[in-house]
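[1] Whatever this is, show me its structure:
(one chain, ligands or ions: 2)
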Amino acid sequence: MATVSFSSPASFAGDNSGALTSATILRFPPNSVHAGERLGRRIATDAITTPVVNTSAYWFSSSQELIDFKEGRHASFEYGRYGNPTTEALEKKMSALEKAESTVFVASGMYASVAMLSTLVPAGGHIVTTTDLYRKTRIYMETELPKRGITMTVIRPADMDALQDALDNNNVSLFFTETPTNPFLRCIDIELVSNMCHNKGALLCIDSTFASPINQKALTLGADIVVHSATKYIAGHNDVIGGCISGRDELVSKVRIYHHVVGGVLNPNASYLILRGMKTLHLRVQCQNSTALRMAQFLEEHPKIARVYYPGLPSHPEHHIAKSQMTGFGGVVSFEVDGDFDSTRKFIDSVKIPYHAPSFGGCESIIDQPAIMSYWDSKEQRDIYGIKDNLIRFSIGVEDFEDLKNDIVQALNKI
Ligand SMILES: O=C(O)CSc1nc(-c2cccc(Cl)c2)no1
Ligand SMILES: Cc1ncc(COP(=O)(O)O)c(C=O)c1O
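    Ligands and ions are numbered 1, 2, ... in the order given. Model prediction:
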């Protein structure tokens with residue numbers, strides 16, 4: 001067996017460092033750089049939790065092992081941008097939840113949508129999307145896709161005739177929509193639109209962030225790809241940003257190849273936070289479903305509330321669709337105060353429990369006025385997309401319903 005003289009930092013102080021076999025080096029390197037750590041290979045622990053593997057690269061014991069890795073005979077990772085054991089555990093968990101063949105986890109929900117669009121829509125392609133959409137997603141589509149010659153038809157969420165017309169008159173590569181949508185919580189019939197798209201050779205991608213994988217399994221309803229902002233319900237603690245793309249391996253592997261080059265990598269520490277959050281996802285979402293439905297029902301009866309948008313209410317335009325494809329209606333309730341811009345601001349400034357902040361889906365309730373939070377820079381965009389001055393988005397956390405209701409009542413009494 002090869003022997004190697006191994007000088008450790010200590011030897012520069014005149015200690016004897018002696019010759020050691022490579023086996024000895026692998027087991028007991030005599031210095032601060034390697035001592036105790038060359039056991040890292042397939043380190044097996046009895047820890048209940050998945051370890052955070054903080055590494056940028058993976059090593060190989062020989063060139064043959066590297067060749068075996070390259071040719072798929074030896075399982076490992078090679079480089080941090082191409083994969084990580086902590087993140088792989090997270091991807092397997094999400095695949096199980098979404099009943100997907102494959103999932104790739106990435107740095108944010110926006111990057112997930114961008115990676116999906118960049119991979120699955122060819123240059124010169126045509127996509128369909130909806131009027132109600134997270135604003136940054138729309139901005140990306142409007143500003144970046146044209147640079148690749150990609151054109152777009154925008155339809156109202158319930159306008160299936162417009163979708164069919166777009167499919168009949170364009171070579172549509174992809175229909176991309178949220179369901180429920182941000183911020184009006186409109187619901188798209190996933191099974192129906194998947195059949196419409198597939199009849200014309202188009203893919204269907206659902207951004208299922210507002211549903212979470214607990215309330216809705218878009219792939220089982222016919223979607224080809226589902227994306228999530230893991231920042232929201234999935235991680236669920238307002239402490240990490242992440243995103244994921246799930247679907248059949250034929251498609252996700254294309255996104256993964258793009259991702260390995262472009263590098264919107266999810267840090268393994270973030271992967272751990274999301275893994276940890278997902279362990280209570282079903283408990284948190286069930287609680288949020290229940291509290292949000294009660295809150296929506298309460299708000300709908302309140303004299304100072306003009307309108308409530310919540311898929312769980314019979315008054316919602318797609319309540320029948322939501323009931324058919326969701327097992328719960330989520331924790332976000334959007335509503336319009338019966339007042340103007342300033343009275344809506346005063347209401348927001350009077351609540352005590354919800355944070356006045358962006359984001360949603362976490363343990364802490366969050367409330368915002370999209371006219372300010374998301375659309376402050378453009379009155380024109382507000383008018384185009386119906387973002388009224390008195391619209392509120394209320395992301396209900398896991399607090400007690402009565403506490404939240406009493407807080408909303410006292411704030412409404414202030415206007
Ligand atoms: O990223 C932005 O431009 C705004 S951040 C943003 N917050 C929400 C949002 C959605 C539902 C409920 C709540 Cl309280 C907030 N949607 O986008
Ligand atoms: C429906 C939807 N998709 C995607 C995103 C973007 O996710 P992220 O903030 O993790 O990039 C958001 C952000 O609010 C969202 O509401």
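[2] Return the per-residue confidence for whatever residue of the chain ends up closest to ligand 1.
    Sorted by distance to ligand 1 under Cβ to the nearest ligand atom, the residues of the chain start with Pro358, at 3.0 Å. Every residue, glycine included, has its C-beta placed from N, CA and C. Predicted confidence (pLDDT) for Pro358: 97.
[3] Please apply the same query to Ala107.
    pLDDT, Ala107: 98.
[4] One more: Leu26?
    In this model, Leu26 carries a pLDDT of 48.
[5] Which residue ranges of the stretch 151-300 of the chain form helices?
    160-169, 190-199, 212-215, 249-262, 268-278, 281-301 (DSSP state H, counting those that start in this stretch).
[6] Pick the most buried one from those helices.
    Per-stretch averages of neighbours, counted by mean count of other Cβ atoms under 10 Å, single out helix 212-215 among the helices of the stretch 151-300 of the chain, with a mean of 24.
[7] got the CA positions of that one in PDB?
    In PDB, the C-alpha atoms belonging to helix 212-215 read as follows (Å, rounded to 0.1, in the frame of the first residue of the first chain):
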ATOM      1  CA  SER A 212     -49.600  24.000  -0.800                       C
ATOM      2  CA  PRO A 213     -49.000  20.400  -1.600                       C
ATOM      3  CA  ILE A 214     -51.300  19.500   1.300                       C
ATOM      4  CA  ASN A 215     -54.400  21.100  -0.100                       C
END
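[8] Distance from that helix to the middle of the chain?
    Helix 212-215 sits 12 Å away from the centroid of its parent chain (Cα atoms, centre = their mean, to the nearest Å).
[9] so what secondary structure elements neighbour that helix?
    For helix 212-215, the packing partners by 3 or more Cβ pairs under 8 Å, 6 or more residues apart in numbering; DSSP states H and E come out as helix 85-98, strand 225-229, helix 281-301.
[10] So what's the residue count around the residue of the chain closest to ligand 1?
    12 (other Cβ atoms under 10 Å).
[11] Likewise for the one 3 residues further on?
    The burial count assigned to Gly361 is 28, neighbours taken as other Cβ under 10 Å.
[12] The nearest residue to it once chain neighbours are set aside: what's it in contact with?
    Nearest-residue entry for Gly361: Lys232, 3.2 Å, with adjacent residues in sequence omitted and distances by Cβ to Cβ, 6 or more residues apart in numbering. Contacts here follow Cβ atoms under 8 Å, 6 or more residues apart in numbering; on that basis Lys232 touches 109, 209-210, 212, 359-362.
[13] just checking, Thr129 is part of a helix?
    No - assessed with DSSP: H, G, I helix; E, B strand; the rest coil, Thr129 is strand; it does not lie in a helix.
[14] What does the pLDDT read for the residue in the stretch 201-350 of the chain that ligand 2 sits nearest to?
    Closest residue of the stretch 201-350 of the chain to ligand 2, Cβ to the nearest ligand atom: Ser229 (3.0 Å). We have a pLDDT of 98 for Ser229.
[15] what's the spacing between the closest residue to it other than its chain neighbours and Ser343?
    Nearest residue to Ser229 in three dimensions, chain neighbours excluded: Gly109, at 2.5 Å (Cβ to Cβ, 6+ apart). As judged by Cβ to Cβ, to the nearest Å, Gly109 and Ser343 stand 32 Å apart.
[16] Just want the phi and psi numbers for the residue nearest to Ser229.
    Gly109 adopts backbone torsions of phi -70, psi -40, taken as degrees, to the nearest 10.
[17] Whichever residue of the stretch 301-415 of the chain sits closest to ligand 2: what's its closest spatial neighbour, skipping adjacent residues?
    Relative to ligand 2, the nearest point of the stretch 301-415 of the chain is Ser359 (6.2 Å; Cβ to the nearest ligand atom). Spatial nearest neighbour of Ser359, excluding adjacent residues (Cβ to Cβ, 6+ apart): Ile366 at 6.0 Å.
[18] State which one residue of this protein is found closest to ligand 2.
    Gly109 (2.4 Å).
[19] Wait, that residue touches Ala230, no?
    Yes - Gly109 is within contact range of Ala230, at 6.8 Å (criterion: Cβ atoms under 8 Å).
[20] of these two, who's got more company?
    Counted by other Cβ under 10 Å, Gly109 and Ala230 do not tie: Ala230 has more neighbours, with 31 against 24.
[21] Next up, the contacts around the more buried one.
    Ala230 touches 105, 109, 240-244, 274, counting by Cβ under 8 Å, 6+ apart.
[22] try 7 Å this time
    Ala230 is in contact with 109, 242-244, 274, counting by Cβ atoms under 7 Å, 6 or more residues apart in numbering.
[23] Run through the residues that contact Tyr310.
    Tyr310 is in contact with 185, 292, 296, 316, 329, 333, counting by Cβ under 7 Å, 6+ apart.
[24] got the residues of the stretch 201-350 of the chain near ligand 2?
    Contacts of the stretch 201-350 of the chain with ligand 2, taken as Cβ under 6 Å from any ligand atom, map to 207, 209-210, 229, 231, 241, 243.
[25] Looking at those residues, which one is closest to Glu380?
    Glu380 has its nearest neighbour among these in Asp207, at 24.4 Å by Cβ to Cβ.
[26] All the strands of this protein, in order from the start?
    Remark: strands assigned in the chain by DSSP state E are 3-5, 19-21, 102-106, 126-130, 151-155, 172-178, 203-207, 225-229, 243-247, 305-309, 332-337, 355-356, 366-368, 391-395.
[27] Adding distance to His259 and mean neighbour count, write the ones you listed out as TSV.
    Output for the strands of the chain, formatted as TSV (distance: least, Cβ to Cβ, whole Å; neighbours: other Cβ atoms under 10 Å):
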stretch	distance to His259	mean neighbour count
strand 3-5	38	11
strand 19-21	41	13
strand 102-106	6	26
strand 126-130	20	23
strand 151-155	23	17
strand 172-178	18	24
strand 203-207	16	26
strand 225-229	13	29
strand 243-247	8	28
strand 305-309	34	19
strand 332-337	28	24
strand 355-356	32	14
strand 366-368	29	22
strand 391-395	28	25
